[in-house]
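In: how would this look folded up:
(one chain, ligands or ions: 2)
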Amino acid sequence: MTTINLASDCGERTYDGASELKAFDDSKAGVKGLVDAGISEIPRIFIRPQETSEKSSESGSSSENLSVPIIDLGGIERDPAKRKEAMERMRRALETLGFFQVVNHGVPATVMEEMKEGVRRFYEQDDEAKKVFYTRDITRKVVYNSNFDLYTASVANRRDTFFSYMAPSPPSPEELPEVCRDILIDYSKQVMSLGVLLLELLSESLGLRPDRLQEMDCADGLVVICHYYPACPQPELTMGMSKHSDNDFLTVLLQDHIGGLQVLHDDRWVDVPPVPGALVVNVGDLLQLITNDRFKSVQHRVVANSAGPRISVACFFSTSFQPSSKLFGPIRELLSEDNPPIYRETTVRDYLVYFKEHGLDGTSPLRHFKL
Ligand SMILES: O=C(O)CCC(=O)C(=O)O
Ligand SMILES: [Fe+2]
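Out: Numbers count the residues shown, from 1 in each chain. Ligands and ions are numbered 1, 2, ... in the order given. You can find the predicted model right below:
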């Protein structure tokens, strides 16, 4: 029998949550299904103990005025000075905060808007049409469920998600949900081009050949992950996505106007505010591993919000669970006697398997791969 542990400020409460989790999962309707059914109280499976160790950036006690930099990629192909400045700002951001935003990145605004609308159409379509995609079998090309770690995490997140492996071997178009099929294909292509450009700039900023990260196959895989966070009547009780770092090389995130994404810096949560036309970029664990800690895969979370629903699309550059024997370890050119390798080599799949076993539990799986 699974017992959910709800340690809270007022002591330890426990209850048998197995049947509640199973009923929720069996409904195949996700968090949105609960909201549609008119359930106004947050069910216990989503209620988390108060986090006391990290202060909110909104507490007003932050002395440094830290914000996520917005980097303009407009004209960098033609103007070497602009390219150099963009590269420098990226490097500084990734060595500290692990996050930046880009504008004039080449993905058309109309494509970004249509992608968010496509996600909305998926979640707001008929339940029966959506249920066809509901599964916990991650070998399927399109996977829709709520909380990939529903049965292992101590508390569930208040969010529904569907994702599709769009590279290197995408599903045939007919396998994708009809309501967002065309835009998923178009958006993936656009983000793939941007990802290649970003990897080029990041390689150069590390003093490597521009094609070095791409040549290592960092842009071989792309998983497009579409989140839906229904408006939450009691946002202080729960979390949209709990604290985690990303298990990929690089993430390109499209978020709507609602907000709620925060990144952890020096024990303080810093908002990543929605900026019209911008895409959020962050380093994942695998890039931290191959750069031997030069670039940081920083923990982040999404707080629940009474406005909404909130929609976001996270594109993960990673071949994910697809079988591959290719090993990734710290890049040799970045190592020296003073900077020996910190991590052992791993395949992307082995990293993911370890990540999946441990879920979004707030600790970095990278620790497990240290030498
Ligand atoms: O929804 C967001 O803003 C963040 C999503 C995220 O962190 C993830 O998919 O890993
Ligand atoms: Fe993330």
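In: quick check: bridge partners of the residue in the stretch 151-300 of the chain positioned nearest to ligand 1?
Out: Residue of the stretch 151-300 of the chain nearest ligand 1, by CB to the nearest ligand atom: L261 (3.9 Å). Quick note: C-beta positions are derived from backbone N, CA and C, even for glycine. Applying DSSP bridges to L261 gives these bridge partners: V302.
In: mind listing what it touches?
Out: L261 makes contact with 253, 255, 271-272, 280, 300-302, 312 under the criterion CB atoms under 8 Å, 6 or more residues apart in numbering.
In: keep the residues you listed, but drop any that are not near ligand 1.
Out: 253, 255, 300, 302, 312 (CB under 6 Å from any ligand atom).
In: which residues does the third one contact?
Out: In this case it means H300. Contacts for H300 (CB under 8 Å, 6+ apart) come out as 99, 243-245, 261-264, 272, 282.
In: contact residues of this structure facing ligand 1?
Out: Selection of the chain residues close to ligand 1 by CB under 6 Å from any ligand atom yields 225, 227, 241, 246, 253, 255, 261, 300, 302, 312, 314.
In: what's the closest of the contacts of L261 to Q50?
Out: Q50 lies nearest to R301 out of those, by CB to CB, at 14.2 Å.
In: residues in contact with the closest one?
Out: Counting by CB under 8 Å, 6+ apart, R301 touches 239-244, 261-262, 264, 269.
In: which parts of the stretch 1-150 of the chain are helices?
Out: Assignment of helices within the stretch 1-150 of the chain using DSSP state H, counting those that start in this stretch yields the ranges 18-27, 30-36, 80-95, 109-124, 127-131.
In: pLDDT weak spots in the protein?
Out: Counting by pLDDT under 70, the chain shows low-confidence ranges at 1-16, 51-65, 359-362.
In: regarding it, what is its longest helix?
Out: Longest helix in the chain, counting residues (DSSP state H): helix 181-205.
In: and that one with helix 80-95, angle?
Out: If you take axes from the mean of the first three to the mean of the last three CA atoms, to 10 degrees, helix 181-205 sits at 90 degrees to helix 80-95.
In: now do helix 181-205: which elements does it pack against?
Out: helix 80-95, helix 109-124, strand 160-167, helix 212-215, strand 222-229, strand 250-255, strand 310-317 (3 or more CB pairs under 8 Å, 6 or more residues apart in numbering; DSSP states H and E).
In: P340 is nearest to which of those?
Out: helix 80-95 (18.8 Å).
In: how about the closest one: buried residues?
Out: Buried residues in helix 80-95, counted by 16 or more other CB atoms under 10 Å: 83, 86-87, 89-91, 93-94.
In: got those residues as CSV, with distance to I71 columns?
Out: Compiled in CSV, those are given as follows (distance: CB to CB, whole Å):
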residue, distance to I71
R83, 11
A86, 5
M87, 9
R89, 5
M90, 6
R91, 11
A93, 8
L94, 11
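In: between those residues, which is nearest R209?
Out: Comparing the buried residues of helix 80-95 against R209 with CB to CB places M87 closest, at 13.8 Å.
In: wait, that closest one touches S205, no?
Out: Yes: counting by CB atoms under 8 Å, M87 does reach S205; the two are 4.4 Å apart.
In: now E345. Nearest residue, chain neighbours left out?
Out: Nearest residue to E345 in three dimensions, chain neighbours excluded: G329, at 3.6 Å (CB to CB, 6 or more residues apart in numbering).
In: do the same with V223
Out: Closest residue to V223 apart from its sequence neighbours, by CB to CB, 6+ apart: F316 at 4.4 Å.
In: got a list of what the one you found touches?
Out: Each residue near F316 by CB under 8 Å, 6+ apart is listed here: 221-223, 225, 246-248, 251, 284.
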